[in-house]
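[1] Provide a 3D model corresponding to the input given below.
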Amino acid sequence: MKNALYAQAGGPSAVINASAAGVIRACRRSGQIDTVFGAHFGVLGALNENLIDTSPFDDATLELLKATPAAAFGACRHVLHDLADDPREYQRLIDVFAAHDIAYFFYNGGGGSAHACQAIAQASRRLGYPIVAVHVPKTIDNDLLHTDCSPGFGSAAKYVATSIREASIDLASMSHTSSKVFILETMGRYAGWLVGACGLATEHPNDGPHLLLFPEIPFDETQFLHQVKETVERVGYCAIAVAEGLRDQTGNTLHATGQKDAAGDRQLGGVAPLLAHMVTQQLGYKCHWAVADYLQRAARHLASATDVAQAYAVGEAAVAMALDGRHGLMPAIRRLSDVPYRWDIVGVPLDDIIQGDRFVPREFISASGLHLSEAGRRYLAPLIAGEDAPLFKHGLPQYFRLPHDRVPKKLPPFQSPLTSRVQCQV
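    Below you'll find the model as predicted:
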């Protein structure tokens, strides 16, 4: 029997390790795969032959892994050279696969890892060691094409919706003599799915959040300030959720750090304090702001049961596709009905997945552009449904810890031509 390699990529989520557990268990059940190796720090771990043997993980360990946030095997942002420009990294990957008798590769991540997964599969054929590569979807941004939702999004959505509801209640309780405006900044880059999810917190007309600022809707400062003022005068306070990738009328991001990550993407963040300053200076209201940042993607204690189930299922489905020889695919979630929420999994070619990003449809946003529509609420509500809490001990959640042992290396060290561009995340 041949072996399999599993790797994690990009920004983690609260449920990515549920996918890892799904892959490992499905490989074991298949009777067609011997050992599942985990790459330490994604494709970079594969290049450096830093591999973990998952064979010692018993069922209790896999349950702990399934309930652990972040990338338990370590992820990285690393862009592989084009094969035609520099084949060294691809040849190294093939050498590692061959040295450890690896025939199956599962890459768990977002759009960037879908590109990489496809490129590795194509390169393996050109270099004479064909492997079956399947992409396992993950991103809290919910911007992967051709899937009803992206595993990781539902839990992040549950966290930001809960946070803005609780912060709105706090704001209301002190608004008579203290702050009157609160702004929560969410991740999501240029897709407003997470800020839209904040709208689920509103059950009654005067509940927060009162304004949602989507990157799909050009920011209008005059309209924004007018709405804040009107809300404070009517309700007594105003709670706002804003996407990090909010754009102005000309399409430019309202705020960015000016830095870039290892994939060459601009690092976003900082729009909340910019808006808070605007509110204070123009309207005179005391304003607080917060950036959910890593908290929204690491909050396994508040994971959506729907999200956990889907993350685990795409891991299992990826193995089934690989064993059928269906390489170059991503197991995508297909919605069958809203109420009750029913779904299944279908294979989608990576050629289709990498064509672009998925943004919030205009019909999911209210006519004013500042709220969630009923269609948006119908889409989002089932994705945050249900609770799947980890095991708690002494008042704190218990999580999986990666073992220190590594598989003995069989190859000489590799010096990557892109070492300076690597940004690793655990």
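[2] from now on I want contacts and neighbour counts done on CA atoms only, so please keep to that.
    Fine.
[3] shaky segments in the stretch 251-400 of the chain?
    Regions of the stretch 251-400 of the chain meeting the criterion pLDDT under 70 cover residues 256-267.
[4] how about the strands in it?
    Applying DSSP state E, counting those that start in this stretch to the stretch 251-400 of the chain gives strands spanning 256-260, 266-268, 287-291, 329-337, 342-349, 392-393, 396-397.
[5] nearest to Val235, of the ones you listed?
    strand 287-291 (15.5 Å; C-alpha to C-alpha).
[6] looking at the strands of the stretch 251-400 of the chain, which is nearest to Leu194?
    Of those, nearest to Leu194 by C-alpha to C-alpha is strand 287-291, at 12.7 Å.
[7] partner strands of the closest one and their direction?
    Paired with strand 287-291 in the same sheet, following DSSP bridges, are strand 181-186 (parallel).
[8] any chance you could give me the longest helix seen in the chain in PDB, C-alpha atoms only?
    Longest helix in the chain by number of residues, with DSSP state H as the criterion: helix 153-174. Extracted C-alpha coordinates of helix 153-174, given in PDB (Å, rounded to 0.1, in the frame of the first residue of the first chain):
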ATOM      1  CA  PHE A 153     -16.600  30.400   8.000                       C
ATOM      2  CA  GLY A 154     -19.600  29.200  10.000                       C
ATOM      3  CA  SER A 155     -17.700  29.200  13.300                       C
ATOM      4  CA  ALA A 156     -16.100  32.600  12.600                       C
ATOM      5  CA  ALA A 157     -19.500  33.900  11.700                       C
ATOM      6  CA  LYS A 158     -21.000  32.500  14.900                       C
ATOM      7  CA  TYR A 159     -18.200  34.200  16.900                       C
ATOM      8  CA  VAL A 160     -18.500  37.700  15.300                       C
ATOM      9  CA  ALA A 161     -22.300  37.600  15.500                       C
ATOM     10  CA  THR A 162     -22.100  36.600  19.200                       C
ATOM     11  CA  SER A 163     -19.500  39.300  19.900                       C
ATOM     12  CA  ILE A 164     -21.400  42.100  18.300                       C
ATOM     13  CA  ARG A 165     -24.600  41.100  20.100                       C
ATOM     14  CA  GLU A 166     -22.800  41.000  23.500                       C
ATOM     15  CA  ALA A 167     -20.900  44.300  22.800                       C
ATOM     16  CA  SER A 168     -24.200  46.000  21.700                       C
ATOM     17  CA  ILE A 169     -25.800  45.000  25.000                       C
ATOM     18  CA  ASP A 170     -22.800  46.300  26.900                       C
ATOM     19  CA  LEU A 171     -22.900  49.600  24.900                       C
ATOM     20  CA  ALA A 172     -26.600  50.000  25.500                       C
ATOM     21  CA  SER A 173     -26.200  49.600  29.300                       C
ATOM     22  CA  MET A 174     -23.600  52.500  29.500                       C
END
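[9] could you identify which of the strands of the stretch 251-400 of the chain is most buried?
    With neighbours defined as mean count of other C-alpha atoms under 10 Å, the strands of the stretch 251-400 of the chain peak in mean count at strand 329-337, which reaches a mean of 21.
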